[in-house]
Each structure stands twice: as C-alpha cells, then as structure tokens.
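J.: Could you look at this predicted model? Sequence included:
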Amino acid sequence: MTSCNIPNTYAAKDFKSDVKPVWCPGCGDYAVLSSITKAFADLGLAPHQTSVVSGIGCSSRIPAYTNTYGFHSIHGRALAVGQGLKLARPDLTVLVAGGDGDGFSIGGNHFLHACRRNVDLTYIVMDNRVYGMTKGQPSPTTESDWDASAMAPPGGTGMTPFHPLAIALAAGANFIARGFSGDPNGTAEIIAEAIRHPGFSFVAIMSPCVTFREEQREWKDTMRKTAIEATKDAAQAARRLMTDDGFNCGVLYRGNRVSYGKDKVVSSKVSDLDAEFTL
Amino acid sequence: MCGSGGAGVMTAANMFLDAAAEAGFYALFGRSSGPQIRGGEAAALVRLGVDPITSVDDTFDIMLAIDWQGVQRFAAELPLSKNSVVICDPAAGDVPEAYVNSGARIVHLPMKDLAKAIPGGRPNMIALGAVAALIGFPIAPLTEVLGKSLKKKRADAYESSVAAVKSGAEAAASLGDVKKVGAPKAKDVKRWTITGNYGTGLGAIRGGVRFCAAYPITPATEVLEYLSSALPKVGGVFVQAEDELASVNMCIGASYGGEASITSTAGPGLSLMIEGIGLSMASETPVVVVDVQRVGPSTGIATKCEQSDLNIAVYGLHGDAPHLVVAPNSIGDCIFTTQWGVYLAEALQSPCIVLSDQALGQSRGIIDAPADVAFVGKRLAAVAPAEGEVFKRYANTANGVSPMPVPGQAGCQYTADGLEHTETGTPTSQASDHTLQLEKRQRKLTSHDYGNHWATIEGEGDIAVITWGSCTGAAREAVARARADGVNAKLIALRLISPIQPVQMGEALKGVKKILVVEQSHLGQFTRYLRGEYDLPAKPEQLSRPGPLPMRPGEIHARLLSMGK
C-alpha cells in the first residue's frame, strides 16, 4: 500500500514537525519538546508507533509540533484520551503531555484515577504555576500569596498549592520524577526512563513562563539534580516528597505495581453471543 | 405484580417470563420502582400474549399486590378498569383508595398464610401459582423454570417453591373468573428474550465495537453490565471510568487508535459528555454514545421513562456541529439501531448518539428472533502519500469523508484536533479553512444514503402518526385498532433523527392530510423538532405528555378516531 521508506532508526529531529510553535520566546516548553523527541530517539522508537496526547493550554499545543500520531483534545481530558488509546492499542508508546492547569485543575480527577489505574503510559506536566494562554491567572500549583499579576487577587489566592508528586504517590502512580526544562539532556533521560518503566509514569517538569512569571528565570539557579537515589519504598518516598523544597530533579520513586489491563483474548465469535438470548 | 422491595416481585416476574418463553408465549415486562436502592416498592408490569407484543396495554387485567407498602405511589402507572381484578392479601391491610376507586373487583388470597403452611414457602411463589392458574397458564413450564434456577443449588428451596406455586394455583379456584391468555402458538417460532439495554450492548458488538468506557447511571447501567462481560469474550476492552467526562474521552482515544468505541449513559451523563462529543465531531474521530433517556431535567426521576433528551442530543453541541442521532423503536430494534449507529459512526467518522429510553432499555421482552444484519463498522482507510508529500487527514473529498489512518501506519502521522484545522490537520484561524471544514463535515452526513432505515413506516392512510422511541409500540397498536374501526393511518417512527431526511419524509407524507405526533415530553420537543426541521403538509396535532406515564394505545386510538371523522 505504501512505497515510503521506513528507516530503521530515527533521530530526535525526525520526531519534530515543521509547525511553528505558538510559544513565547524564552518559554521552557521548547526545551521540553526537545527532551521528548530526544527521549523517543534514544529509545529507538519510530514516529508512527508513538503517540503524543494533550489537552488545552500553551504546553498542550505540543502534539502538533511532533511528527508522531498526536491528539490535541479538550481541556483537562488528555489523560482520558491517552488511557483509552493505550488500552485499545497496547502496542503503541503513548505519552500524555500538558500543563498544570489542564492536569491538576480541570483534569484533577482524571489525574487521581490515572495514577490509581496505572495504565502503561507516561504523563508529562510542564508546570509553570500560571495560566499562560489566558494571560496570567493563578493555577493549582501557584504559590498562595502570588499576586504579581493583575489577574490574581490581591494577596494571592490564599489556597495551598497542589503538590503533584505527593498526590501522585498517594494516588498510586508507579513512577514519579521531577525534571527541569533548563536541563534538557537530564530531562530527556528521565522521560526515557519513565517511558521504559511499566505502568503510569508521572514526570513533573518545571518549565518557566517568562512572560507571566518573570521570576521563574531564577529556576536555572535553584533547580538541582537530586543527590538521592530513587526509592521503591512508598513511605520513604512520601517523607522525601513532603520535606522536599521543590527544586530536586531526578527520579524520586519507582514502584513495582503491575500495569492495568489484560491481554486481549478472543474466546467467542460474535454470533456465539446470541445463545444467551435465544429460546 | 407489586409489593415492597424484598417481596420478590421482580424474581417472580422474571420466572414467569422464563416460563412464558418456554411455553411459547410472547411478553413484555416493564419495571417500575421507587428511588430506594434496595427495599423500596417495586412493580413488575407484564403483558402476556400469544402474538408479538410491542406495547403496554390501556389497563391491566390483574393486579397482584403481595403487600401494599408504598404501592399507592404506582396508582397512576397501574391503570385498572371495572373488568380488572385486584388480588391482595387480607393480612396486608386495607386496599389503597386509588385501587378501590378504579371499580376493579377486589379478591383476597392469603398469600402469607398459605406460604407459612409450607416449610420455606414464600408469598411471591403463591402469587405466581395463583396468577398462572387464573389466566390458564400451564403450570409445568413454571415448575421447570424453578427446577432450572433452584434444583442444583438449593434443592429445599426448589421443593418449597414448587409446593408454593401449586398451593397458589389451587387457591386461585376461589378467586372467580379472569380473562384467559389462550393457547400459545409460538413454541416452534424462533424467539428471543432480551432487554433493550442488553440488546444495545449486543448491537454494539455486532457493529464492531471493541472498546467501551462507561460510568454507572440509571437506567443505562445494564448496557455497561452486558458489555463488561461480553466485550472481553470477543477480544474487546471494557473500562469503568471515573466519570462521564473520562468515559467519552477514553472512547475517543480508543477510537483514534482504530477501535470502534461506545459509551452509555443517561441525561445527566450526556450533559457531561457533550464537550467530548463536540471533540469527536470536530476531530472526526467516531464514537457512539448511548443515552437511555429517563425523566429529566437534572436528576429528575432516575428510574422512569421520558423522551425529553431530544433537544440536547440534536442541538446540545456548541458551534455548528452536525452529527448523527438515531433512536431505536422497540426492544429488538435496540439491537439493530445500535449496530446501525456504530456502522454509520465509523463510515462517516462522526459521533452518533443513540437515543434509547428507559421503557425500551429496562423492559424485557419475548420477541421474534432479530435478524442478523450485515452492518459492521468500517472506516475509509488511508494510504501513505508519495515521498515529499504531506498526508492530508482532513482532505476535502467529494463526499466529505477523508481517509483515516490507524496509528502505527507509517507516513500518515497527523494530529487530531478540536481546534479548527487545515486539510493536513494544522491549526488555523482563517475564515476560508473554517468554511471548508464546516462544509466538508456537513456534506459527509447529508450526502450519505441511509436507505430505508431512516424510519419504520407501516400502513397507508391520509392520517400519519409520527412518533419515535418507546411510543412507537403504542402508536402501532392504536393504528391497528383505528384500522379495524375504518380509520386508516400510516405509522412513521423516525429512527434517524439527525441528519434530517427531507426527501424521504416528503415521499412518506405524500397523500397525507393530517398528522398526529405522539411523544413523551412536556415541551413537545419532538413536535417542535418536526415543525422546525421538516416541511410538513399540515400543522400536526400533538399528543404528548411528560414521563413517567407511558403513552397508551387507547388514547392514541381515540385521537385517531376523532381525527378520522
């Protein structure tokens, strides 16, 4: 049917499309896109056997900037679409990506249940602690006293920021890591490991919004590679996460839960189903 | 047959239906219950006959009350006449006024005492035996059914149940005469027994569905119940999702992956799914959404029927979003229409809403075996473009259907998008791209040939009864009665609600001078839809009311006679 040549190996650039991103200059998401495509290439994947699924928001624009099968869906539902795709097509590599508002606010319930369900996919959240696409409202991960934007209430929201990694752990995610867009190679390594790890892998990537959170430029000085080895012990991981200052990057937890779903086995013909109703 | 929860009304009625099936009868068994999870009042509404039955009747011949707890709440749903008989236990106390006022003959059957006389005996089995004897229903198939369900597991329960049925049958001799059912004639006819919701599940699988994500909701839960066990047998996947938003979007994801997918819900869940259905529509990723309608708005009356989700199903999506809406019109048709819906969704890469309703979904019928039709969903496959050319996922083809690749296929990678897009799938905000895609998406629906499945059309006459869903059975029976009275009417039950079929409707209405629309909605949503979308030859008369009371043949018949004058 097709005469196109399928190469044996792909470089990171083969996973990029030529659609120009809508992102602002200096946005951390450019580097995350590079980390993702590098991870795909490093894993020896092929674009047509890989899928990137997202919701809505600045970072959720990412599928169109890849050359994989992509789905830019609706706000908050990326994990639902991604899980459906992976369960229907276990042979594909599925990566779900988006932002902190998409994943933790409107999509918060799906995040909890995706962690619980443990479908074998990787979820990347590019966290910039702000709604960028709508120009600067506080997000679930925004500091409670942040009011630098005219869009934030004076004195801040007063709401405790969402702790994605601790919540992921409590909800049952099987792999938890933090990356930083300022370290694209380190982040690519983390993403590759997340994809290899069975079950639901969650990677929070601190990705500055230099437009609405100018101060996040300082992250390049504060983010650091964690000196601690990843643990398999959820209790230990919980203690680390709850005492963590939010700047430690690396793999923090590797669980050993079995992935959700059974192998598809055909045991009946469709016409066999009639018997139950036939007199 | 009615009583408080735990009285065994539904168990007895199901056994009765099993026996009727065995003996060669046809039947329709609807259920009505209070809102309680367990232990509330329940009524099993059974119509039995020797010929196929697709409708409730005007009144019940027999009302059997095992007790009166909460049963007065069903009074409006249990119409009786002076020809009816109410069988009740004197120990259960006074007969509620509504039933006394009906003029029905009231007779006493001491079900509790008779049951007590048998070790392990239960009043519902006494009731079963009494009803059977009264209507001339053979006892042998009843005891056979008891044997099948009880003998192996609980021999003592089997003995006591058989004894109770026989005791009830003997006691019936003192209850006077009741209309007899007649000799069954369908023993050798190929028949099925199935509920509409199970039929919907079966139709989905027949149509090629291999993925379902759903969230429990009354009265659609049985679709999920069926698919959760049937899908894995045929190599499919079932997921109980965390909510309806996840359900529909998981289905869209699975469908993007190449699997025909379905979810099922009721009104509140459909409201939640609407944004996802819009995504399916705009990204041209097929998905089938079953809405087993119940009384709305909001939580409404969750256990009972109404046809008031028509507006949201047809008009609920934001933007200009034409899509498929189909509606089954009998229990058996739940199989066909869902199967057809899957086929259409896949062929046209569109969401398809299947508007079933509680009266179809949760009723169990003994019906003629449904045909196994050839509709199996198939998408227009994609071919990878030549070297150097870009794959156009949303190519502007003549019939509007664009080739759709399956992930894994090299050279056809694309990003499905709810953002307006160009032919290649790249986001765009240009007027010309928007117009092109709007026209393409509409054209694929309007240029498709839906054949004669768009409606069930029966009979000829200068009056047309236009109806849909579970009202169809009553309308059919009314048309037959009117014909016997010399008034000829044509039945048109719409199966394809959207897109409209103006040419076919014009054909069907040729020579028609008067129109009666029959529906179960307070606002008359179906009448408004017909008047708004179709060029009708006459202003239709409207026979509609909200749920939960079903439309009955008698009232439609009466209206037809007055229209025929």
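T.: Happy to help now that I have it. Numbers count the residues shown, from 1 in each chain, chains lettered A, B, ... in the order given.

J.: in chain A, which residue is closest to the centre?
T.: The centre of chain A sits closest to A:Ile124, judged by CA atoms, centre = their mean, with a distance of 1.3 Å.

J.: what sits opposite the nearest residue to it once chain neighbours are set aside in the beta ladder?
T.: Counting by CB to CB, 6 or more residues apart in numbering or on different chains, A:Ala97 is the residue found nearest to A:Ile124 once chain neighbours are left out, at 4.4 Å. In short, each C-beta sits where N, CA and C put it, glycine included. A:Ala97 has these beta-bridge partners by DSSP bridges: A:Ser54, A:Ile124.

J.: quick one on the thing from earlier: chain B versus the residue nearest to the centre of chain A, what's the distance?
T.: Taking CB to the nearest CB, to the nearest Å as the measure, A:Ile124 falls 16 Å from chain B.

J.: my guess is that residue contacts A:Ile191, does it?
T.: Yes. Distance between A:Ile124 and A:Ile191: 6.9 Å, which falls inside the contact criterion (CB atoms under 8 Å).

J.: Which neighbours do the two have in common?
T.: Contact with both A:Ile124 and A:Ile191 is made by residues A:Ile36, A:Leu95, A:Val203, according to CB atoms under 8 Å, 6 or more residues apart in numbering or on different chains.

J.: Break chain B into its domains for me.
T.: Per automatic domain parsing, the domain ranges recorded for chain B read B:2-175, B:193-368, B:453-564.

J.: Which residue would be the closest one in the stretch 401-550 of chain B to chain A?
T.: B:Thr415 (3.4 Å; CB to the nearest CB).

J.: which stretches of the stretch 101-250 of chain A aren't confidently modelled?
T.: Counting by pLDDT under 70, the stretch 101-250 of chain A has no low-confidence residues at all.

J.: ranges for the helices of it?
T.: Counting by DSSP state H, counting those that start in this stretch, the segments of the stretch 101-250 of chain A that form helices are A:108-117, A:164-171, A:184-196, A:219-222, A:234-243.

J.: Next: the stretch 451-565 of chain B.
T.: Counting by DSSP H, counting those that start in this stretch, residue ranges of the helices within the stretch 451-565 of chain B are B:471-484, B:502-508, B:525-533, B:553-564.

J.: Quick check, central residue of chain B?
T.: With distances taken as CA atoms, centre = their mean, the residue of chain B nearest its centroid is B:Leu360 (2.7 Å).

J.: Spit out the contact partners of that one.
T.: Under the criterion of CB under 8 Å, 6+ apart, the contact partners of B:Leu360 comprise B:Gly196, B:Val292, B:Pro328, B:Asn329, B:Ser330, B:Ile331, B:Asp333, B:Cys334, B:Gly469, B:Ser470.

J.: so which residue of chain A comes closest to chain B?
T.: Nearest residue of chain A to chain B (CB to the nearest CB) works out as A:Gly84 at 2.9 Å.

J.: what is the mean pLDDT for the host helix or strand of that residue?
T.: The secondary structure element spanning A:Gly84 is helix A:78-88 (assigned by DSSP states H and E). When pLDDT is averaged along helix A:78-88, the result is 98.

J.: Tell me where chain A has strands.
T.: Per DSSP state E, chain A carries strands over the ranges A:50-54, A:69-72, A:93-99, A:122-127, A:175-180, A:201-206, A:224-225, A:248-254.

J.: so what's the residue of the stretch 151-300 of chain B found nearest chain A closest to, chain neighbours aside?
T.: Residue of the stretch 151-300 of chain B nearest chain A, by CB to the nearest CB: B:Gly253 (2.9 Å). In space, not counting the residues next to it along the chain, B:Gly253 is nearest to A:Gly84; the distance is 2.9 Å by CB to CB, 6+ apart.

J.: What parts of the stretch 101-250 of chain A come near chain B?
T.: Counting by CB under 8 Å from any CB of the partner chain, the residues of the stretch 101-250 of chain A close to chain B are A:Asn109, A:His110, A:Leu112, A:His113.

J.: Just flag the most distant two among the residues you listed.
T.: Farthest apart among those by CB to CB are A:His110 and A:Leu112. That separation is 7.4 Å.

J.: looking at the domains of chain B, which is closest to B:Ala186?
T.: Distances from B:Ala186 to each of the domains of chain B were compared by CB to CB, and the smallest falls on domain B:2-175, at 4.7 Å.

J.: chain center to the closest one: distance?
T.: A distance of 24 Å separates the centroid of the chain from that of domain B:2-175, by CA atoms, centre = their mean, to the nearest Å.

J.: just the helices in the stretch 101-250 of chain B please.
T.: Under the criterion DSSP H, counting those that start in this stretch, helices of the stretch 101-250 of chain B are mapped to B:111-116, B:123-135, B:139-146, B:155-171, B:196-206, B:221-233, B:244-256.

J.: With adjacent residues omitted, what lies nearest to the residue nearest to the centre of chain B?
T.: For B:Leu360, the nearest residue in space outside its immediate sequence neighbours is B:Gly196; the separation is 3.7 Å by CB to CB, 6+ apart.

J.: Do I have it right that the one you found meets B:Gly361?
T.: Yes. Contact between B:Gly196 and B:Gly361 holds when scored by CB under 8 Å: they sit 4.3 Å apart.

J.: list the residues that contact both of the two?
T.: Counting by CB under 8 Å, 6+ apart, the residues touching both B:Gly196 and B:Gly361 are B:Val292, B:Cys334.

J.: Would you enumerate the residues in contact with residue 150?
T.: You didn't pick a chain, so chain A it is. Under the criterion of CB under 8 Å, 6+ apart, the neighbours of A:Ala150 are A:Gly136.

J.: Correction: the question concerned chain B.
T.: With contacts taken as CB under 8 Å, 6+ apart, B:Leu150 has the following neighbours: B:Ala157, B:Tyr158, B:Ser161.

J.: Those residues of the stretch 351-500 of chain B touching chain A, which are they?
T.: Taking CB under 8 Å from any CB as the criterion, the contact residues of the stretch 351-500 of chain B with chain A come out as B:366, B:369, B:372, B:383-387, B:407-419, B:425-427.

J.: Tally up the residues packed near the residue of the stretch 401-550 of chain B closest to chain A, please.
T.: Applying other CB atoms under 10 Å in any protein chain shown, we find 30 other residues in the vicinity of B:Thr415.

J.: Just list whatever residues bridge to the closest residue in space to it that isn't next to it in sequence.
T.: Closest residue in space to B:Thr415, ignoring its immediate chain neighbours: A:Gly70 at 3.4 Å, by CB to CB, 6+ apart. Assessed by DSSP bridges, A:Gly70 has beta-bridge partners A:Val52, B:Thr415.

J.: how near is B:Cys471 to B:Pro550?
T.: Plainly put, B:Cys471 is 8 Å away from B:Pro550 if you go by CB to CB, to the nearest Å.

J.: hey, what's in contact with both of these two?
T.: Taking CB under 8 Å, 6+ apart as the contact criterion, the common neighbours of B:Cys471 and B:Pro550 are B:Gln520.

J.: The two - which one has more neighbours?
T.: A direct count of neighbours by other CB under 10 Å for B:Cys471 and B:Pro550 places B:Cys471 higher, at 29 against 22.

J.: Run through the residues that contact that one.
T.: When the contact criterion is CB under 8 Å, 6+ apart, the partners of B:Cys471 are B:Gln307, B:Val518, B:Glu519, B:Gln520, B:Pro550, B:Met551.

J.: Likewise for B:Pro123?
T.: With contacts taken as CB under 8 Å, 6+ apart, B:Pro123 has the following neighbours: B:Ala7, B:Gly8, B:Ile66, B:Asp89, B:Met111, B:Lys112, B:Leu114, B:Ala115.

J.: for the first one, helix, strand, or coil?
T.: When the structure is reduced to helix, strand and coil (DSSP: H, G, I helix; E, B strand; the rest coil), B:Ala7 reads as coil.

J.: what sits up against stretch B:486-493?
T.: B:329, B:455-468, B:472, B:475-476, B:479, B:482-483, B:505, B:508-509, B:512, B:516, B:560-561, B:563-564.
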